[in-house]
Structures are given as C-alpha cells and as structure tokens.
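Visitor: missing the sequence, but the structure's below:
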C-alpha cells in the first residue's frame, strides 16, 4: 500500500450492545466528532442500532465480530464447542486460539458463526464499511484468514489493524504478519490506532492528548466505547468502564476545536480514498 494521509477515522465500538450505547453513537455523530461505528449483530440492542444507522447515512457502520465474551448468532446446538448453553462465548482467548489452530471441527464451527454474523449484517441493509473483532481477536492468523475468505462475498474491503504503541511487544510479530496478509489480500486498513491504552476511560483529557500527538501521516483510527450510562449496566464485563465520559469527550466543543485546528479529513474506512 502506498504512503497515505493524513486522515482520521473516529469509531465507536459495541454499537448494539445496549440502547444507551446506540443513543450515544447517534448523538456523538450528529453533535460531535464520531464518524463510524462497529455493530455487534447478535447483541441485545442490535435492531435498535440498525434502525438508528439507517436514519444516519453519513455514519459509516462496520461489523464488530464477536467471538469472545459475547453472544453468538448461531445456537449452542450448531456450535457446541464455541459457546455455552445460552449461546455465549467465553473469555479464555489464549485457550480458544490454540483450539482454533489445531482442531478442524472447531474451525468449521468458527467459520459457520463468522458467516452467520456476516449474513446478519448483510440482512440489515447497511453498507459494510469495515470489519473488526471484539477484543481484537482477529490478530489470530486463523481468524483473520477465515474473516477474509468468508467476508469477501459480503463486500469486505477494510479491516482494523490494531497497531497501537501500547500493544505488548510479544504481539508485534503478529501485527506485522497481519499487515502482510491484509496487503497481500488487497484489504484496506488503517496505519495507526489509539484505543487500547484508554479503553474504558477515554475521556476528554485523553482524547485531546491523543489529537495533539496524532501522527501527520497515514490513516489513523481512534476508537471509543461511548454510552449515556456507564459500567456494568452496559455490560457485565465492563464494571469500571466510564462510558459516559467517553461520550462526553466525543461531543466536547474543545475536542471539536482541536480536531478542526488539525485540518485532518475525517471519515470511515470506505472514505480511505478521499482521506489519502
């Protein structure tokens, strides 16, 4: 991929997890700086998220594949080695990653669930802006391969590359491998990212500092978890998340002014051509 940028994508993850998340996404796009959202198609408020997104054609929406710590589309009977009796994925990602790599029957179930989530997104009628995964599980080479193979017929053109300074050193080779695979496959991606470091606490101060340090080259992505309420009310695994502070950051006049001063084009992954 040729040298690009600068350009910026500002994304809300977990769209559809809770109606409060959906309300925050809608307001942050209309009143603030949010340009994209990643939809969890099997989450409790997915239908509400889809309805809001249909009314906001300028909001770029992608698929937030859930393959850990969340709800599946397929029932337990169809993917018994992936989910519990209630159709929920666990959070033992290291163990599951080993199983994905070594056990072909588990991979078949995984492929079926990935396809089901792509099908659910397609049924929404929303244009597919991008794909990423809950907890960045697509760093796993097996998952990435399946996502690319299955996603192409559904219009997959862009995948988040979780290239953040904070990411553990041991994962750097996986990041390099991932970028090579995306480039070889002709899949667009961002060049740098911020979100892991501030996950659950991406308030106005952190967002202003991020914008101040934003590289002046390449396509960047900043991702947040906004909602109007916070913590365990949004998700049981998020008791310390300050979702409301993240929403406040996205609609902050100070953030808007800082972004305007940068004079950086802002959009979604489908706008990458315009952002280069």
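Guide: Received the coordinates, thanks. The model shown is predicted, which means the values in this text are computed figures rather than measured ones.

Visitor: Residue 95: neighbouring residues, count only.
Guide: Neighbourhood size, residue 95 [other C-beta atoms under 10 Å]: 10. Using the backbone N, CA and C atoms, a C-beta is placed for each residue, glycine as well.

Visitor: what sits against it?
Guide: Residue 95 sits next to no residue when contact means C-beta atoms under 8 Å, 6 or more residues apart in numbering.

Visitor: After the strand or helix carrying it, which helix or strand is next?
Guide: In the assignment (DSSP states H and E), residue 95 maps to helix 93-102. Downstream of helix 93-102, the next assigned helix or strand under DSSP H and E is helix 104-124.

Visitor: Tell me which other helices or strands the longest strand anywhere in the chain touches.
Guide: Secondary structure of the chain per DSSP state E: the longest strand is strand 7-15. With contacts defined as 3 or more C-beta pairs under 8 Å, 6 or more residues apart in numbering; DSSP states H and E, strand 7-15 has these neighbours: helix 19-31, strand 36-39, strand 60-65, strand 219-224, helix 272-275.

Visitor: Flag every buried residue along the helix holding residue 95.
Guide: 93, 96, 97, 99, 100 (16 or more other C-beta atoms under 10 Å).

Visitor: Confidence-wise, which helix or strand of this structure is lowest on average?
Guide: Of all helical and strand segments in the chain, the minimum by mean pLDDT, DSSP states H and E falls on helix 272-275, at a mean of 63.

Visitor: Now do residue 166, the pLDDT please.
Guide: With respect to pLDDT, residue 166 has a value of 77.

Visitor: give me the number of residues near the nearest residue to residue 157 once chain neighbours are set aside?
Guide: Once flanking residues are discounted, residue 157 sits nearest to residue 188: 5.8 Å by C-beta to C-beta, 6 or more residues apart in numbering. As a burial measure, residue 188 scores 19 neighbours (other C-beta under 10 Å).

Visitor: same question, residue 140
Guide: The number of residues near residue 140, taken as other C-beta under 10 Å, comes to 22.

Visitor: Any stretches of the stretch 1-150 of the chain with poor pLDDT?
Guide: 1-5 (pLDDT under 70).

Visitor: how near is the nearest residue to residue 39 once chain neighbours are set aside to residue 58?
Guide: Among residues not flanking residue 39 along the chain, residue 15 sits closest, at 4.6 Å (C-beta to C-beta, 6+ apart). In this view, residue 15 and residue 58 are 15 Å apart by C-beta to C-beta, to the nearest Å.

Visitor: okay, those two: which has more neighbours?
Guide: For residue 15 versus residue 58, the count of surrounding residues by other C-beta under 10 Å is larger for residue 15: 31 against 9.

Visitor: Please name the residues that touch the more buried one.
Guide: Applying C-beta under 8 Å, 6+ apart, the residues contacting residue 15 are 21, 22, 25, 37, 38, 39, 40, 49, 53, 61, 64.

Visitor: repeat for residue 67
Guide: Neighbours of residue 67 in contact, by C-beta under 8 Å, 6+ apart: 82, 89, 96, 110, 113, 114, 133, 134, 137, 143.
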